[in-house]
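> what's the 3D shape of this:
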Amino acid sequence: MLSKGEYQTVPLSVLLKRELANEKIERPELCHGQASQSKKGEDFKLVKTECQRVLGDGVAPYSVFGFLNGWSFSRHLELIEALASRSSFSRREIRFTSSLTLMLVSNKHFCVDLLTKIIAVDLLFDGHNGSAAAIYAKENLLQNVLSAIPPDLSRDEWIAALPRALVAGFVKTDKDFQERAKTSGTTVTFVIIEGWVVTVASVGDSRCILESAEGGIYYLSADHRLECNEEERERITACGGEVGRLNAGGGTEIGPLRCWPGGLCLSRSIGDMDVGEYIVPVPYVKQVKLTSAGGRLVIASDGVWDSLSAESAVECSRGMPADAAASQIVKEAVQPKGIRDDTTCIVIDIQLPEKPNPPAPPPKKSGKGVFKSMFRKKTSESSSNIQKDFCEPDVVEELFEEGSASLSDRLDAKYPVCNMFKLFICAVCQVDIKPGQGISIHAGSSNTRSSRPWDGPFLCSSCQEKKEAMEGRRPFGDGRYNSE
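Below is the predicted model of the structure:
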């Protein structure tokens, strides 16, 4: 014990290490790998490592990772036509949809000035409704999200604004694309990593999972396939849609649950205007914060997830560097039955800088400790005690989660950043609204706040019509209402 007047001294080397450790905590290193095996040539990957954006408190460079997965029902077309020719059921039009996955990743090492050139447009899709929605979303979605975030925000404010900005950006992209009267559609998984905060927005069935340094698995996206989402089935039927399987005649039903008219297996997407406006673009959003222990993201198309569980995917690749992990996951997915679909995977490791590549795990060794070795720097015995001082517990903190399809819920002013939505600017499309012409997002809803029409955010008349259609309260083009 120190006597009065005496103070414990700390070596300069320890102070320097503390300062360095604190600096590194704000700047994770991102290591990524990608792999794919193609059957129809409909999966497309993207890696952009040189982008930047300007914040109120400085410049924050980031990287963009992505892939396109164009999918269709073409492999079922002959069967559908044959069934329709002999079935008592009238032929149901089938929608063909493409899938877009974008990962927006913070990285302090790179910068570039163009955001719109995310994916080259010379991509191939094999589907009856083409790739128009995927290409349009690729070219406009990111900018629509960013335009919904006020300028000059601090870093923390920018992160807090992301959930609502993602909703506004998704809906605006869908609305603008449908105004072009094209019928293709796309699913989207959008991942933003800012420091140690990971924000994921998704519509469709591509999946993003997180494996923490301790081996815990966290699902950061939602699966909007009707087959496995009872809440979405109830929402669609309440809005006037029909959910059922393909009728093969004689009472025999085959295949997954689909939404009719259209036959789409998903309840949320961008585009698909002729399927029904109860197929909504409002994304499920989840935001989590990692400690400096880090973690690993696995983002993959349904070609992976139809074959592997999340546990199998992380287990088969545990201890491998990101590029080898992506290859191993794809290999495991196609090995049992061969390549039945385009199979694409991107792996991103989030860790402290200057970490060596993780060693291959010992034979037959498994468990949480193996993965954690990826994020623990090997140090000499003399510095081991210092390292322990800065070792944070492996905790994944949930900052935000919301999956409601209601714009009234998702754009509500109760969310952070009080000045995000201006009084005379549409909360979705960002157009100016004349005084007295804005419509509260609560207008006409069952929300108790609906009696306060001055309570924003506000929508322009066009976006209000879009909102009503998504809620089943606006007529189709032939005058029939979605629901009573």
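
> please make it C-alpha for all contacts and neighbour counts, starting now.
Noted.

> quick one: contacts for Cys460?
Shown in contact with Cys460 (C-alpha atoms under 8 Å, 6 or more residues apart in numbering): 426, 431, 433, 437-439.

> now restrict those to buried residues only.
426, 433, 438-439 (16 or more other C-alpha atoms under 10 Å).

> got the residues you listed as a markdown table, with secondary structure columns?
Shown next, in a markdown table, are those (DSSP: H, G, I helix; E, B strand; the rest coil):
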| residue | secondary structure |
| --- | --- |
| Cys426 | coil |
| Ile433 | coil |
| Gly438 | coil |
| Ile439 | strand |
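
> can you list the residues you listed in TSV and add pLDDT?
As requested, the buried ones among the contacts of Cys460 are exported to TSV (pLDDT from 0 to 100):
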residue	pLDDT
Cys426	89
Ile433	85
Gly438	85
Ile439	87
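
> closest one of those residues to Val282?
Set against Val282, the nearest of these by C-alpha to C-alpha is Cys426 (16.5 Å).

> for the residue lying closest to Ile254 once chain neighbours are set aside, give its distance to Ser202.
Nearest residue to Ile254 in three dimensions, chain neighbours excluded: Leu246, at 5.4 Å (C-alpha to C-alpha, 6 or more residues apart in numbering). Applying C-alpha to C-alpha, to the nearest Å, the value for Leu246 to Ser202 is 26 Å.

> and these two? which has more neighbours close in?
Taking other C-alpha atoms under 10 Å, Leu246 and Ser202 do not tie; Ser202 has more neighbours (32 against 21).

> check contacts around that one.
By C-alpha under 8 Å, 6+ apart, the contact set of Ser202 is 187-190, 221-222, 283-285.

> now it, what's its secondary structure?
Following three-state DSSP, we place Ser202 in the strand state.

> for the one helix or strand Arg296 maps to, list the C-alpha coordinates in CSV.
Using DSSP states H and E, Arg296 sits in strand 295-300. Coordinates of the C-alpha atoms in strand 295-300 are reproduced here as CSV (Å, rounded to 0.1, in the frame of the first residue of the first chain):
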residue,chain,number,x,y,z
GLY,A,295,-16.1,-10.5,-35.1
ARG,A,296,-16.7,-12.1,-38.5
LEU,A,297,-19.5,-11.3,-41.0
VAL,A,298,-20.7,-14.0,-43.4
ILE,A,299,-22.9,-12.6,-46.2
ALA,A,300,-24.2,-15.1,-48.7
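
> what lines up beside it in the sheet?
strand 207-212 (antiparallel), strand 343-351 (antiparallel) (DSSP bridges).

> identify, from the buried ones among the contacts of Cys460, the entry nearest to Asp272.
Asp272 has its nearest neighbour among the buried ones among the contacts of Cys460 in Cys426, at 23.8 Å by C-alpha to C-alpha.

> contact partners for the residue nearest to the closest one when sequence neighbours are not counted?
Sequence neighbours aside, Leu459 is the residue nearest to Cys426 in space, at 4.5 Å (criterion: C-alpha to C-alpha, 6+ apart). Leu459 sits next to 425-428, 438-441 when contact means C-alpha under 8 Å, 6+ apart.

> and of these, the nearest to Ala161?
Ala427 (12.5 Å).

> how many neighbours does the closest one have?
Counted with other C-alpha under 10 Å, the neighbours of Ala427 add up to 29.

> can you confirm it is in a strand?
No. Applying three-state DSSP, one finds Ala427 to be coil, outside a strand.

> one step back: ok, so of the contacts of Leu459, who is nearest Asp349?
For the contacts of Leu459, the nearest to Asp349 is Val428 (33.4 Å; C-alpha to C-alpha).

> measure that closest one to Ser462 for me?
Counting by C-alpha to C-alpha, the gap from Val428 to Ser462 is 10 Å.

> before we move on, what about Arg27?
Between Arg27 and Ser462 the computed distance is 42 Å (C-alpha to C-alpha).

> okay, these two: which has more neighbours?
Neighbour count, other C-alpha under 10 Å: between Arg27 and Ser462, Arg27 has more, with 20 against 11.

> can you tell me the helix or strand for that one?
Using DSSP H and E, Arg27 sits in no helix or strand.

> ok, it touching Ile350?
No. Assessed by C-alpha atoms under 8 Å, Arg27 is found out of contact with Ile350, at 9.8 Å.

> quick check: neighbours shared by these two?
By C-alpha under 8 Å, 6+ apart, the residues touching both Arg27 and Ile350 are Trp196.

> measure stretch 442-456 end to end?
The straight-line separation of the ends of stretch 442-456 (C-alpha to C-alpha) is 8 Å.

> from here on, call the first residue 48.
Happy to do that; since the first residue is 48 now, the last one works out to stretch 489-503.

> give me the mean pLDDT for it.
Average pLDDT, stretch 489-503: 57.

> same check on stretch 308-316?
Per-residue scores along stretch 308-316 average to 89.

> and the contacts of the lengthiest helix in the chain?
Within the chain, and with DSSP state H defining each element, the longest helix by residue count is helix 202-225. With C-alpha under 8 Å, 6+ apart as the test, helix 202-225 has contacts from 102-104, 180, 183-184, 187-196, 241, 246, 248, 317-318, 320, 328-330, 332-334, 447, 457-458, 462-464, 467, 474-476, 510, 513.
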